[in-house]
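Trainee: Got a predicted structure plus its sequence, pasted below:
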Amino acid sequence: MLSADIIWSRALPLLKPQMTDASYDNWIVSLVPLRIEEGNVFVLKTLSTVYRDTLQRFYTSVIERSLRDAGEAEFTVRFTTEEEEAARPAAREKPVSCPTLNEKYTFDTFVRGESNRFAYAAALAVAENPSAAYNPLFIYGGVGLGKTHLMQAIGQYIFSEHKDYKILYITSENFTNDVVASIERKDRASLRAKYRTLDVLLIDDIQFIGGREATELEFFNVFNDLRDANKQIIITSDKHPKDLQTLEARIRTRCAWGLVVDIQPPDYETRLAILRRKAQEDGIDIKDEVLTMIAERVSSNIRELEGCLNRVVAYARFVNKPVTVTVAESVLKDYVGGTSHRSVNGELIKQVVCDYYGITYKDIESSRRDHRFAYPRQIAMYLARVLVDSSYQEIGDMFGGRHYSTVMHACETIESRAQTDAKLKKTLDDITEKVKNG
């Protein structure tokens, strides 16, 4: 599991749109993530017992929801204070492989196949000889194909062989946040100290720094300093460097300096091997004929593949039946090639968006302009345009009779931001999945 710090850093951007600016600044900004205790208890330190009591009463559910989305697991929040922590008996911390890496992402748990064999071999070569094999190593491919897994496996391997190495895994979005924070604090020295003293830098989804001038400049300088110092750099993206037109040309050329490898969607044999591994790891008693059916049905990416297995198993447990081909066929009857036959319309999109952000139909159709309601409204309008292909005026009618120009502006705003905003892109993907597949 990811560390408390990483999960909290991912949860904050999810929390902010769900609250007023005043509430966020007063109650959330001062919270400090301490640890994750047994039973997925997420411990946050606050300023005083008064803060603790208020947070417990009014903000527990929204924080837990954001932590779940950020960490892809269910958490129970516990608030504590400095005084309570001081009185707490010293606890033995569970050792971790490397603070910024996910323990489950190793070479041993990576399922190899024809679609990723070259990328795997290149990653292993870099892990065994950091800075000597290929620098940088650039891994690209579509969503859910294993880029992050392979990248972090490199970091885990290097850490196991070089305990003194400073290794950092970070998303491009969090790298941008670090740059922005250093500018606000007028403290670029600490940013340089954090990144330019690393032995290994793993930066995920580099495409999302495109168009952010300060971030691109800082990455350019970090890249040059690390490579000149013979330190290893590993980068992932959804496209080949030459196709990342939002990035400056000098960054694109540097990304392609070392070795560029791609990961393709898994073939049938690899999909079946992935499902077998997943079932074994989770202790699922399931016949091979069921796994075969799922592997034949789902061909888009690993995330979808494992998600369908989870749906089948969860349904079988719910109805108290064994996991059979008949049960799997029933659960996946509407699933064809990564899409669903569920009827998608504007009302369904509005409902899913309202549920996602914890607001009501009345809120999303109202004329209120505060961010908590305006932002989900824009997202719903954009998705109605993309998924239903409704006209601007039709969408305006769905949302309280708004003028078509208002809808056009909302759609253009969301589409433009999604090109460079990783959090928004993930939100759109998550909501689209819920709209299509429930």
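Mentor: Now that the structure is in, tell me what you want to look at. Model, not experiment: these values are computed from the prediction.

Trainee: which strands and helices sit next to the helix or strand encompassing residue 69?
Mentor: Element membership for residue 69 (DSSP states H and E) is helix 60-71. Judged by 3 or more C-beta pairs under 8 Å, 6 or more residues apart in numbering; DSSP states H and E, helix 60-71 is in contact with helix 4-15, strand 41-46, strand 76-81. Backbone N, C-alpha and C define where each C-beta goes, glycine included.

Trainee: List the contacts of the longest one.
Mentor: Contacts with helix 4-15, where a contact means C-beta atoms under 8 Å, 6 or more residues apart in numbering, come from 24, 28, 31, 33-36, 42-44, 62-63, 66-67, 69-71, 99-100, 173-174, 177, 423.

Trainee: Give me the buried subset of these.
Mentor: Using 16 or more other C-beta atoms under 10 Å as the burial test, those include 24, 28, 31, 33-34, 36, 42-44, 62-63, 66-67, 69-71, 100, 173-174, 177, 423 as buried.

Trainee: circling back to that earlier point, specify the angle between the helix holding residue 69 and helix 4-15 in degrees.
Mentor: 110 degrees (axes from the mean of the first three to the mean of the last three C-alpha atoms, to 10 degrees).

Trainee: Would you agree residue 141 is in contact with residue 262?
Mentor: Yes. Assessed by C-beta atoms under 8 Å, residue 141 is found in contact with residue 262 at 5.3 Å.

Trainee: Do a quick rundown of the strands in the stretch 201-350 of the chain.
Mentor: Per DSSP state E, counting those that start in this stretch, the stretch 201-350 of the chain carries strands over the ranges 232-237, 259-263, 335-336, 339-340.

Trainee: Quick check: which of those is buried the most?
Mentor: Most buried of these by mean neighbour count (mean count of other C-beta atoms under 10 Å) is strand 232-237; its value is a mean of 25.

Trainee: so where's the chain shaky on pLDDT?
Mentor: 1-2, 72, 89-97, 334-343, 389, 437-438 (pLDDT under 70).

Trainee: Can you list phi and psi of the most far-flung residue of it relative to its centre for me?
Mentor: The outermost residue of the chain, judged against the average C-alpha position, is residue 87 (35.9 Å), by C-alpha atoms, centre = their mean. Taking degrees, to the nearest 10, you get phi -90, psi -10 for the backbone angles of residue 87.

Trainee: same deal with residue 30?
Mentor: Dihedral angles (degrees, to the nearest 10) for residue 30: phi -80, psi -10.

Trainee: Show the contacting residues for it.
Mentor: 46-47, 51.

Trainee: Show me which of the residues you listed is closest to residue 289.
Mentor: residue 46 (52.4 Å; C-beta to C-beta).

Trainee: My guess is that closest one contacts residue 82. True?
Mentor: No. The criterion here is C-beta under 8 Å, and residue 46 misses it with residue 82 at 9.0 Å.

Trainee: In terms of neighbours, single out the busier of those two.
Mentor: For residue 46 versus residue 82, neighbours defined as other C-beta atoms under 10 Å are more numerous around residue 46 (21 against 12).

Trainee: which residues touch that one?
Mentor: 30-32, 52, 55, 79-81.

Trainee: repeat that with 10 Å
Mentor: By C-beta atoms under 10 Å, 6 or more residues apart in numbering, residue 46 lies in contact with 27-28, 30-32, 52-56, 79-82.

Trainee: before we move on, what about residue 172?
Mentor: Per C-beta under 10 Å, 6+ apart, neighbours of residue 172: 203-210, 212, 215, 219, 235-237, 420, 422.

Trainee: and if you look at residue 245?
Mentor: With C-beta under 10 Å, 6+ apart, residue 245 has these contacts: 207, 210, 239, 252.

Trainee: Columns neighbour count and distance to residue 302 on top of those residues, output as CSV?
Mentor: Formatted as CSV, the contacts of residue 245 follow (neighbours: other C-beta atoms under 10 Å; distance: C-beta to C-beta, whole Å):
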residue, neighbour count, distance to residue 302
207, 22, 20
210, 18, 26
239, 15, 19
252, 18, 27
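
Trainee: quick check, nearest of these to residue 412?
Mentor: residue 210 (18.0 Å).

Trainee: check contacts around the closest residue to the closest one other than its chain neighbours.
Mentor: Closest residue to residue 210 apart from its sequence neighbours, by C-beta to C-beta, 6 or more residues apart in numbering: residue 246 at 2.8 Å. Counting by C-beta under 10 Å, 6+ apart, residue 246 touches 207-212, 216, 252, 419-420.

Trainee: Of those, just the buried ones, PyMOL syntax please.
Mentor: Paste this into PyMOL to select the buried members of the contacts of residue 246, with burial taken from 16+ other C-beta under 10 Å:
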select buried, resi 207+208+209+210+212+216+252+420
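
Trainee: out of the contacts of residue 246, which are inside helices?
Mentor: Counting by DSSP state H, the contacts of residue 246 place 216, 252 in helices.

Trainee: Quick check: of the contacts of residue 246, which lies closest to residue 132?
Mentor: Once C-beta to C-beta is applied, the member of the contacts of residue 246 that ends up nearest residue 132 is residue 252, at 24.2 Å.

Trainee: burial measure for the closest residue to the closest one other than its chain neighbours, as a count.
Mentor: Sequence neighbours aside, residue 241 is the residue nearest to residue 252 in space, at 4.8 Å (criterion: C-beta to C-beta, 6+ apart). Residues within reach of residue 241, counting by other C-beta under 10 Å, total 21.

Trainee: now do residue 282
Mentor: 12.

Trainee: distance of it from residue 148?
Mentor: 20 Å (C-beta to C-beta, to the nearest Å).

Trainee: picking that back up, what residues are up against the residue nearest to residue 252?
Mentor: Contacts of residue 241 by C-beta under 10 Å, 6+ apart are 136, 138, 140, 206-207, 235, 247, 251-257, 260.

Trainee: Mark which of those residues are buried, thanks.
Mentor: 136, 138, 140, 206-207, 235, 247, 251-252, 254-255, 260.

Trainee: All set now, cheers.
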